[in-house]
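A.B. asks: Quick one: sequence plus predicted model below, questions after.
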Amino acid sequence: MHALWTCLLWLDADPARFWFAAWTAFGVTILLALRAPGERKDPGTAVAGGQGWWWFAGCVFLTLAAFRWPSWFVPGDLNPDEAQILAGAITLQHFPVYWKFVDGSTHGPLCEYLLLAANWLGAPLNYVTARALAAGLQGLALIGVWGTLRCFTSERLARLAILPGLAFWSFVSWHDFVHYSTELPGIPLLALAGWAVAAVLASPSSSHRDALLLYLGGLCLGAVPFAKLQSAPQAAAMAAIALLLLWFAHRDPLRLFARRAGWLVLGGVTPVVAVLVFLLVYGLQDQFWSSYILSNVGYTGLGQHPLKEMPGWFFHFASTSSAFAWFLSGCIGFALLYARPGAGRPAPLRIGIMVSWLLLGVAYVCVLSSSREAAHYLHLLVIPAATLSGFVLAAATSDPSDDPGRLRPRWTPVLLFGLLAVAPQLYDRASTWHQYLGRLAAHEKVPLSDTARFIRERAQPGDTLAMWGWEPGLFVDTGLAQGTREAHSACQLTTWPMQAFYVERYVRDMLRRRPVWFVDAVGPGGFIYEDRREFAHERTAPLRDLIARDYVLLAEFKNKRIYRLRDAGGQ
């Protein structure tokens, strides 16, 4: 690890070194795409892969890491959600029952459990691990798109098709796109489910292979709502389309269709049944219903704009980052350029284009559904847009006079694809400043906040921390588990129909778990909640009485007041 750190410091010290390494990784990825076979292999080999596929897959992940790693070491959260998820994972290390000890409110348990899995493999629970995992999930999603497309077209075109998505996720440096966001765990699940279904449609058989692929595809789709409920319509749409395609694609006998559909549905209900059993065992069904289902429904009514106005605001927040604007406009522009009637195109490609448009529309609705201009929601559009442009590329290069499975060397669509979907992103990245480059040595020297240092110097093993206001990064900096289910108190401080439920639960958690530390982060300079006359814990009567009776004020740093449990012992 010391050698790796030394290497990163060496790259970071000179921009020329960094850019040479990063562009080399992307260049090798392009070269491996262009050198791939230009003829479609037998569909049966679509899952097993072609010659040298592992080199290309490795370069996808390497390219993401080569461009993104400077953002991994930025101290503090790049988005408040990132610290909240890490705080939940730290808590689950000690108290592993979700919805009893941790509640992510707008996201599900997969976000925290994936971080916990990385920790079990030896990675520390910090921002570096979270951001590296984010890049890994994006790479896995791109692999899923590649796998889907190579079922219906050549290896070369399937590889070229994911370059716009790879360019966007590699080149972007806007903080809302590079942090570990709640949308990311569900995106590779959707992409891998699409690959599994595509493999069956491209090469159907009555073997156990189809049953396994459909079950795994259903399993991925069924798990999506437990990563981000906002993505559930995407999973439902994919499942419905998969069932329709299984029925209509080959006109199989009803018995065979029922068997295939059964495996897909069985996979889909497996995560649902597992969660239901989990909830019943721990008696958390009411918490799940209130804090995950009803709360998410209510959350949509607290947006920045009325839902009916969100289509008008879409282009406003979609242009937050020029990288995303170039990516989306390039993919859709190319798709529209070749949106002519395709009577001569192979049927699988025509169907793939129609399905991709439909799924892109569903993703668009999901992005707007929260009525907020949060740029990280736009992650949901990346895989549908990349898949759409990939199917259009395959259709544009197909030769209707030949066997539909073969491709003639028509390079005009490939060149236009590169000019529209990749070249603008290359120019944007080459001509803009990388805001995180050249700061690695300085990041290493950033000290802990006074609040975090004060608590760490006095905390004992097993101590927990309760937060009032919004400062979940304090859990990351101190390493303390949450003393209440949330890492912040936004649900308790927001005036909405669920406020009484969350206040009552917060106070109940305080009484039941008796956290040693309590921090009120409301005050000037605090995130969102600055006015103590309106938001301080004293404004919530049950909590005010509890803190006054059981806690003592030890210190105050800027907007943060630090309390300690009276009977905790020690200083």
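C.D. replies: Received it, and whenever you're ready, just let me know what you need. Numbers count the residues shown, from 1 in each chain.

A.B. asks: which regions of this protein sit below the pLDDT cut-off?
C.D. replies: 40-51, 206, 250-252, 341-344, 399-409, 569-571 (pLDDT under 70).

A.B. asks: What are the buried residues along the helix ranked longest in it?
C.D. replies: Longest helix in the chain, counting residues (DSSP state H): helix 254-282. Within helix 254-282, the residues that count as buried by 16 or more other Cβ atoms under 10 Å are 257, 260-261, 263-268, 271, 275, 278-279. Placement of C-beta: from N, CA and C, glycine included.

A.B. asks: go on, stretch 499-511?
C.D. replies: So for stretch 499-511, counting by 16+ other Cβ under 10 Å, buried means Phe501, Tyr502, Val503, Arg505, Tyr506, Val507, Asp509, Met510.

A.B. asks: starting at the chain centroid, how far to it?
C.D. replies: 29 Å (Cα atoms, centre = their mean, to the nearest Å).

A.B. asks: swap in stretch 561-571?
C.D. replies: Counting by Cα atoms, centre = their mean, stretch 561-571 is centred 38 Å from the centre of its parent chain.

A.B. asks: Quick one: list the elements packing against the longest helix of the chain.
C.D. replies: helix 208-223, helix 232-248, helix 285-288 (3 or more Cβ pairs under 8 Å, 6 or more residues apart in numbering; DSSP states H and E).

A.B. asks: rerun that using 6 Å as the cut-off
C.D. replies: If you count contacts as 3 or more Cβ pairs under 6 Å, 6 or more residues apart in numbering; DSSP states H and E, helix 254-282 packs onto helix 208-223, helix 232-248.

A.B. asks: what is the orientation angle of that helix with helix 208-223?
C.D. replies: Interaxial angle, helix 254-282 versus helix 208-223 (axes from the mean of the first three to the mean of the last three Cα atoms, to 10 degrees): 40 degrees.

A.B. asks: 21 is where my numbering starts, stick with that
C.D. replies: Renumbered: residue one is now 21, and that last one reads helix 274-302.

A.B. asks: still on that earlier bit, from the buried residues of stretch 519-531, which single one is nearest Ile163?
C.D. replies: For the buried residues of stretch 519-531, the residue nearest Ile163 by Cβ to Cβ is Tyr522; the value is 39.3 Å.

A.B. asks: in which helix or strand would I find that closest one?
C.D. replies: helix 519-533 (DSSP states H and E).

A.B. asks: what does that helix rub up against?
C.D. replies: With contact meaning Cβ atoms under 6 Å, 6 or more residues apart in numbering, helix 519-533 is reached by Ser310, Gly503, Thr504, Arg505, Cys511, Gln512, Pro562, Leu563, Leu566.

A.B. asks: go with 10 Å
C.D. replies: If you take Cβ atoms under 10 Å, 6 or more residues apart in numbering as the criterion, helix 519-533 is touched by 115, 120-121, 123, 125, 307, 310-311, 314-315, 318, 484, 486, 488, 501-506, 509-514, 516, 535, 538, 557, 560-563, 565-567, 570-571, 585.

A.B. asks: Filter the residues you listed down to the buried ones, ChimeraX style.
C.D. replies: This is the ChimeraX syntax for the buried subset of those, where burial follows 16+ other Cβ under 10 Å:
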select :121,123,125,307,310,311,315,318,484,486,488,501,502,503,504,505,506,509,510,511,512,513,535,538,557,560,563,566,567,570,571,585
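
A.B. asks: Farthest-apart pair in the buried residues of stretch 519-531, please.
C.D. replies: Phe521 and Met530 (15.3 Å).

A.B. asks: out of the helices and strands packed on helix 274-302, deepest packed?
C.D. replies: helix 228-243 (a mean of 21; mean count of other Cβ atoms under 10 Å).

A.B. asks: May I have that helix as CSV, with CA atoms only?
C.D. replies: Provided in CSV are the C-alpha atoms of helix 228-243 (Å, rounded to 0.1, in the frame of the first residue of the first chain):
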residue,chain,number,x,y,z
HIS,A,228,-30.6,-25.4,-17.2
ARG,A,229,-28.6,-22.5,-18.5
ASP,A,230,-31.7,-20.6,-19.4
ALA,A,231,-33.3,-21.3,-16.1
LEU,A,232,-30.2,-20.1,-14.2
LEU,A,233,-29.9,-16.9,-16.3
LEU,A,234,-33.6,-16.0,-15.9
TYR,A,235,-33.5,-16.7,-12.2
LEU,A,236,-30.4,-14.5,-11.8
GLY,A,237,-32.0,-11.8,-14.0
GLY,A,238,-35.1,-11.9,-11.9
LEU,A,239,-33.0,-11.9,-8.7
CYS,A,240,-31.3,-8.7,-9.8
LEU,A,241,-34.6,-7.0,-10.7
GLY,A,242,-36.2,-8.0,-7.4
ALA,A,243,-33.3,-6.5,-5.5
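
A.B. asks: Report the contact partners of the closest residue in space to Lys578 that isn't next to it in sequence.
C.D. replies: If the residues on either side of it in the chain are set aside, Lys578 comes closest to Gly545, at 5.7 Å by Cβ to Cβ, 6 or more residues apart in numbering. Residues in contact with Gly545 (Cβ under 10 Å, 6+ apart) are Lys578, Asn579, Lys580.

A.B. asks: so which of those is the most crowded?
C.D. replies: Within the contacts of Gly545, neighbour counts (other Cβ atoms under 10 Å) peak at Lys580, which reaches 25 neighbours.

A.B. asks: ok, that residue - contacts?
C.D. replies: 469-472, 474-475, 487-489, 491, 494, 539-543, 545-546.

A.B. asks: now swap in Met258 and tell me
C.D. replies: 209-210, 213-214, 217, 237-238, 240-241, 244, 288, 375, 378-379, 382.

A.B. asks: if you set the cut-off to 8 Å instead, what comes out?
C.D. replies: Counting by Cβ atoms under 8 Å, 6 or more residues apart in numbering, Met258 touches Leu210, Ala213, Gly214, Val217, Leu241, Leu379.

A.B. asks: and if you look at Gly185?
C.D. replies: Contacts of Gly185 by Cβ under 8 Å, 6+ apart are Ala161, Leu162, Val165, Phe347, Val402, Ile403, Ala405, Ala406.

A.B. asks: what's the closest non-adjacent residue to it?
C.D. replies: Using Cβ to Cβ, 6+ apart, the closest residue to Gly185 is Ala406 (3.9 Å).

A.B. asks: Nice, that's everything, thank you.
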